[in-house]
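Trainee: Let me see the structure of the following:
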Amino acid sequence: MKEADIYKALFDNASEGMIVVNSEGKIIKANTRTEELFGYIVPELIGANAELIIPDRPTLFTSIFEKQSKGYQSSALREDSFDLYGKTKSGTYFPIEVSLNLVKSGKDTLVMALILDVTIRRQTEFALRKEKETAQQYLDVAGNMFLVINRDESVSLINQKGCEILGYTEEEIIGENWFDQFVPIVTREPQRDSFKNHFSGKQKMLDKYEDSIIDSNGDEHIILWHNSNLFDSEGNLTALLRSGVDITKQKEIESKLHELNFELEERVHRRTVELEESQKLYRLIARNFPNGTINVFDRDLNYVFVEGRELFKNGVTSEMLVGTSYLKRLPTDVALELVDKLKSVFNGQNITFQVSYNNNSYELNAVALYDGMGVISQILVVEQNITQQKKIEEELQRAVDKERELNALKSRFVSMASHEFRTPLGTILSSVSLIEKYPLTEQHAKREKHIERIKSSVSNLTSILNDFLSLDRLETGNIQVKPTELLVRELVENVVEEMQSVTRENQKIDYKHQGMDSPKMLDRQILRNILLNLISNAIKYSPENGLVKVNTVMETETLTIHVSDNGMGIPAEDQKHLFERFFRANNVSNIQGTGLGLNIVKKYVELLGGNITFNSEEKIGTTFTVIIPINHTAIA
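Mentor: Okay, here's the model as predicted:
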């Protein structure tokens with residue numbers, strides 16, 4: 001084969017597009033690969049301007065001939081490759097790399113251009129850059145501090161959270177010696193020795209432990225660390241990946257409030273193809289995200305990416321979820337609540353909110369992810385399980401509420417006791433002083449009047465003390481139910497007769513009984529105490545000439561007691577507090593009382609296994625209804 005034929009074969013069968021251009025910028029030769037790249041056949045290209053297929057640089061070829069005419073050296077005429085865009089016959093543009101070389105053909109000087117389609121290369125570069133950006137977002141959105149410490153103790157990677165804790169920029173941290181710059185002096189050498197021993201194989205570092213670091217102000221932070229080894233492609237240990245949580249404040253408030261429990265388990269291979277390396281590294285970090293998941297959703301809220309320890313808790317893998325709908329995993333009401341919020345992130349609105357389902361509470365942080373054209377095509381959602389945190393907060397709140405309740409009860413007790421004890425004691429003191437002024441026989445009636453006042457006041461004090469004693473015995477469990485056989489009607493008639501003697505002027509008590517009157521097993525003393533309290537209240541809060549009605553209904557399984565008055569009634573806004581200790585309605589402030597009676601009655605009724613209700617209207621009256629099961633026995 002002739003040498004010319006060899007060159008022609010090489011030219012026609014080259015894997016790159018090849019064209020030869022003369023000094024006028026016209027194509028005088030093109031190979032088969034050029035036809036494939038641009039869609040023209042060779043005859044269509046011959047004689048056409050080179051800018052037909054390479055329009056980006058119209059003077060790309062002619063400028064070289066201009067330099068030659070001006071006497072440039074041959075080295076200056078040699079051109080490196082150009083990153084340009086080629087144009088096909090159909091008008092489509094695609095990225096190309098063009099290399100130019102001057103060639104001699106007889107007396108003429110020509111330019112030969114090698115044209116390489118770099119579409120795949122550009123796509124790979126873009127995908128790599130996009131993956132890096134997405135992975136960095138995973139790190140920066142996460143609430144943990146992440147860093148990589150090389151074998152030589154220098155820092156080669158740190159996320160935004162780490163920069164915030166240390167108080168330095170990323171540029172100020174990368175390349176610095178971790179132990180010299182960021183570890184307190186007192187623990188520096190022990191930590192460094194542990195690090196060196198780990199790399200030499202003498203001693204393995206703990207996967208989870210706590211130690212201190214120092215920030216730019218010299219302040220110490222307690223960090224809960226998790227470690228994972230990083231290896232190169234040959235299996236050599238090259239660096240340590242550390243994930244840490246600043247637990248300084250949690251230690252001060254509650255040492256175990258936000259204890260994190262995760263461990264990095266997989267090895268990340270380095271020194272491989274950069275795209276594959278970054279995918280493995282950031283997937284490892286996401287997979288070990290504690291108490292939650294890191295998710296990427298498309299516009300239809302389908303999973304594009306999902307990793308995190310919460311998946312393992314639920315027996316789910318990322319492979320099972322990718323391509324499926326996030327909303328279908330949720331209860332219908334929760335999905336309806338989330339869809340509008342997550343859709344708003346595609347409008348550029350980053351949001352944080354909380355939801356609860358399946359007896360768990362979650363906090364969601366959602367941010368937009370932009371593609372290379374600046375369009376939001378996906379969103380990143382970090383879902384954190386905060387159930388334990390919520391429980392602790394609720395327990396703390398209950399403790400605070402209980403403390404407030406106790407303080408309120410204390411204040412109400414002091415206020416009540418100071419008023420209720422001072423009034424009868426003042427009456428006693430006054431009456432004793434006045435009795436001294438009536439020594440004569442004919443003044444006996446006046447003495448008797450004050451003696452009665454003293455007796456009444458002492459009776460009031462005794463009643464108050466009895467309320468306190470009853471409440472104490474009830475709350476300490478010292479009162480036990482002791483059922484005995486009794487006739488309910490007979491017991492109630494005796495109590496009514498006893499209370500008739502303490503009624504106000506022209507007040508009457510009307511008692512009626514319905515149903516059976518055979519002996520029943522009930523606690524006589526507790527039932528008597530309930531009746532005494534309810535009838536006493538009805539008398540106290542009813543006007544003179546008023547009527548107190550007592551009705552009992554005996555059925556096979558239950559005893560029902562109704563006590564009614566036509567008194568002042570209970571204000572609607574006070575009714576919900578009626579059975580609380582020391583509570584007294586707003587319209588009875590001028591009537592003596594401790595605010596304990598109804599609270600004690602309710603405890604007595606509950607002790608018998610019954611319940612108490614009431615119906616009241618201001619200026620009309622009040623009816624209390626007690627229902628007690630028959631033959632109820634005490635609960636130990």
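Trainee: buried ones in stretch 206-225?
Mentor: In terms of neighbour count (16 or more other C-beta atoms under 10 Å), stretch 206-225 has its buried residues at 211, 213-214, 221-225. All C-beta spots, glycine's among them, are computed from the backbone N, C-alpha and C.
Trainee: And for stretch 13-28?
Mentor: Those would be 16-23, 25-27, for stretch 13-28 by 16+ other C-beta under 10 Å.
Trainee: Quick one: the helices in the stretch 451-600 of the chain, in order.
Mentor: For the stretch 451-600 of the chain, helices defined by DSSP state H, counting those that start in this stretch occupy the ranges 488-500, 524-540, 597-607.
Trainee: Which of those sits closest to His198?
Mentor: helix 597-607 (64.1 Å; C-beta to C-beta).
Trainee: same for the closest one, what does it pack against?
Mentor: helix 444-475, helix 524-540, strand 611-617 (3 or more C-beta pairs under 8 Å, 6 or more residues apart in numbering; DSSP states H and E).
Trainee: farthest pair in the buried residues of stretch 13-28?
Mentor: Glu16 and Ser23 (23.0 Å).
Trainee: that older thread, what would the helices of the stretch 451-600 of the chain look like in a markdown table with mean pLDDT and distance to Ile376?
Mentor: Shown next, in a markdown table, are the helices of the stretch 451-600 of the chain (pLDDT from 0 to 100; distance: least, C-beta to C-beta, whole Å):
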| stretch | mean pLDDT | distance to Ile376 |
| --- | --- | --- |
| helix 488-500 | 87 | 77 |
| helix 524-540 | 86 | 69 |
| helix 597-607 | 84 | 60 |
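Trainee: And those helices: which comes nearest Gln378?
Mentor: helix 597-607 (59.0 Å).
Trainee: Check the offset of that closest one from the chain's centre.
Mentor: Here helix 597-607 is found 41 Å from its chain centre; the criterion is C-alpha atoms, centre = their mean, to the nearest Å.
Trainee: Report the inter-axis angle for that helix versus strand 611-617.
Mentor: On the basis of axes from the mean of the first three to the mean of the last three C-alpha atoms, to 10 degrees, helix 597-607 is oriented at 140 degrees to strand 611-617.
Trainee: Kindly list the main-chain dihedrals of Ala50?
Mentor: Main-chain torsions, Ala50, degrees, to the nearest 10: phi -60, psi -30.
Trainee: same thing with the one 10 residues further on?
Mentor: Dihedral angles of Leu60 (phi, psi; degrees, to the nearest 10) stand at phi -60, psi -40.
Trainee: Which of the three states applies to the residue nearest to it when sequence neighbours are not counted?
Mentor: Leaving aside its sequence neighbours, Leu60 sits nearest to Ile54 (C-beta to C-beta, 6 or more residues apart in numbering; 6.4 Å). Assigned state for Ile54: coil (three-state reduction, DSSP: H, G, I helix; E, B strand; the rest coil).
Trainee: pretty sure Ile54 contacts Tyr93?
Mentor: No - between Ile54 and Tyr93 there is no contact under C-beta atoms under 8 Å: 10.7 Å.
Trainee: Who has more neighbours out of the two?
Mentor: For Ile54 versus Tyr93, the count of surrounding residues by other C-beta atoms under 10 Å is larger for Ile54: 23 against 12.
Trainee: So that one versus Leu487, what's the distance?
Mentor: 117 Å (C-beta to C-beta, to the nearest Å).
Trainee: what's the answer for Ser105, then?
Mentor: To Leu487, Ser105 is 136 Å away according to C-beta to C-beta.
Trainee: for the stretch 351-500 of the chain, which spans come out with low pLDDT?
Mentor: Across the stretch 351-500 of the chain, the ranges flagged by pLDDT under 70 are 399, 401-434, 436-437, 441-442, 444, 446, 449-450, 452-453, 455-478.
Trainee: switch the cut-off to 80
Mentor: 358, 372-373, 389-390, 393-394, 396-480 (pLDDT under 80).
Trainee: Could you do the stretch 201-350 of the chain as well?
Mentor: In the stretch 201-350 of the chain, residues with pLDDT under 80: 205-209, 233, 250-291, 308-321.
Trainee: need the helices for it, in chain order.
Mentor: For the stretch 201-350 of the chain, the helices defined by DSSP H, counting those that start in this stretch occupy 248-253, 274-287, 309-313, 318-321, 332-345.
Trainee: Give the buried residues for the fourth one.
Mentor: Judged by neighbour count (16+ other C-beta under 10 Å), helix 318-321 contains these buried residues: 318, 321.
Trainee: for stretch 480-498, same thing?
Mentor: Buried residues in stretch 480-498 (16+ other C-beta under 10 Å): 481, 483, 486, 488-489, 491-492, 495-496.
Trainee: Equivalent analysis for stretch 91-104, please.
Mentor: 95-98, 100, 102.
Trainee: Can you tell me which of those is nearest Leu301?
Mentor: Pro95 (33.9 Å).
Trainee: any idea which helix or strand comes after the strand or helix carrying that closest one?
Mentor: Under the criterion of DSSP states H and E, Pro95 resides in strand 93-105. As assigned by DSSP H and E, the chain's next helix or strand after strand 93-105 is strand 108-117.
Trainee: May I have that next one exported as PDB, CA atoms only?
Mentor: Provided in PDB are the C-alpha atoms of strand 108-117 (Å, rounded to 0.1, in the frame of the first residue of the first chain):
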ATOM      1  CA  ASP A 108       0.400  26.000   0.700                       C
ATOM      2  CA  THR A 109      -0.100  26.100   4.500                       C
ATOM      3  CA  LEU A 110      -3.200  24.500   5.800                       C
ATOM      4  CA  VAL A 111      -4.800  24.000   9.200                       C
ATOM      5  CA  MET A 112      -6.000  20.500  10.300                       C
ATOM      6  CA  ALA A 113      -8.600  20.500  13.100                       C
ATOM      7  CA  LEU A 114      -9.200  17.500  15.400                       C
ATOM      8  CA  ILE A 115     -12.800  17.600  16.700                       C
ATOM      9  CA  LEU A 116     -13.800  15.600  19.800                       C
ATOM     10  CA  ASP A 117     -17.400  15.300  21.100                       C
END
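Trainee: so what strands line up beside that strand?
Mentor: Strand 108-117 pairs in its sheet with strand 17-21 (antiparallel), strand 93-105 (antiparallel), by DSSP bridges.
Trainee: Of the ones you listed, which shows the lowest average pLDDT?
Mentor: Of all those, the minimum mean pLDDT falls on strand 93-105 (a mean of 86).
Trainee: Give me the contact list for it.
Mentor: 20, 37, 54, 60-61, 64, 68, 74, 77-88, 109-119, 122 (C-beta atoms under 8 Å, 6 or more residues apart in numbering).
Trainee: 7 Å - rerun?
Mentor: The contact list for strand 93-105, computed with C-beta atoms under 7 Å, 6 or more residues apart in numbering, reads 54, 64, 77, 79, 81-87, 109-119, 122.
Trainee: Buried among the residues you listed? Need that as a selection in PyMOL.
Mentor: Applying 16+ other C-beta under 10 Å to those, the buried members can be selected in PyMOL as follows:
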select buried, resi 54+64+77+79+84+86+87+109+110+111+112+113+114+115+116+117+118
